[in-house]
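> sequence and predicted structure are below.
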Amino acid sequence: MARKLTISVLVILTKIVNAGNVLFYIPYGPLSSCITMVPIANELVTKGHSVTMVTGFDNLSAGHGVAHIVINSTFEKYHQKMCRPSWGEDRAKSVSPVDIANLCFSAIDTNRNAMANLRGTS
């Protein structure tokens with residue numbers, strides 16, 4: 001009985017809910033993660049949604065109809081440094097605690113900058 005009620009509520013909500021604005025908030029993360037979101041964003045645009053992507057990559061082609069906001073980010077620089085060691089090396093020895101700390105601080109700073117920029121545009 002509870003399952004039928006849940007399904008009924010979901011069907012009703014699906015018919016009355018209008019979620020036209022979609023935000024992909026990816027201010028830090030590797031470029032490959034952002035690229036995988038582009039087809040989803042483009043499909044949402046074709047379905048009539050207003051889509052905005054916030055990333056740290058000015059070279060990301062978000063597609064037609066997708067608003068792309070680029071924020072200043074050093075995350076990719078630190079991410080690439082950590083991923084640079086070849087597979088033949090001992091990765092635990094090649095990535096220092098300082099590298100990990102820099103990556104974390106970069107993510108925090110990037111998020112802070114994105115939020116500050118967002119507040120500045122309202």
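Right, received. Where do you want to start?

> tell me the buried residues in the lengthiest helix in the chain?
Using DSSP state H, we find that the single longest helix of the chain is helix 97-121. Within helix 97-121, the residues that count as buried by 16 or more other CB atoms under 10 Å are Asn102, Leu103, Ser106, Ala107, Thr110, Asn111, Asn113, Ala114. Heads up, the C-betas are built off the backbone N, CA and C, glycines and all.

> any chance of the residues you listed in JSON lines with pLDDT and distance to Gly63 as columns?
As requested, the buried residues of helix 97-121 are arranged in JSON lines below (pLDDT from 0 to 100; distance: CB to CB, whole Å):
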{"residue": "Asn102", "pLDDT": "82", "distance to Gly63": "32"}
{"residue": "Leu103", "pLDDT": "80", "distance to Gly63": "29"}
{"residue": "Ser106", "pLDDT": "83", "distance to Gly63": "27"}
{"residue": "Ala107", "pLDDT": "82", "distance to Gly63": "26"}
{"residue": "Thr110", "pLDDT": "81", "distance to Gly63": "23"}
{"residue": "Asn111", "pLDDT": "82", "distance to Gly63": "24"}
{"residue": "Asn113", "pLDDT": "77", "distance to Gly63": "25"}
{"residue": "Ala114", "pLDDT": "77", "distance to Gly63": "21"}
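
> tell me which of these is nearest to Gly65?
Taking CB to CB as the measure, Ala114 is the one of the buried residues of helix 97-121 closest to Gly65, at 21.9 Å.

> mind listing residues that contact stretch 53-72?
By CB atoms under 8 Å, 6 or more residues apart in numbering, the residues outside stretch 53-72 that reach it are 23-28, 31, 34-35, 37-38, 41-42, 45, 50-52, 73, 75-76, 110, 113-114, 117.
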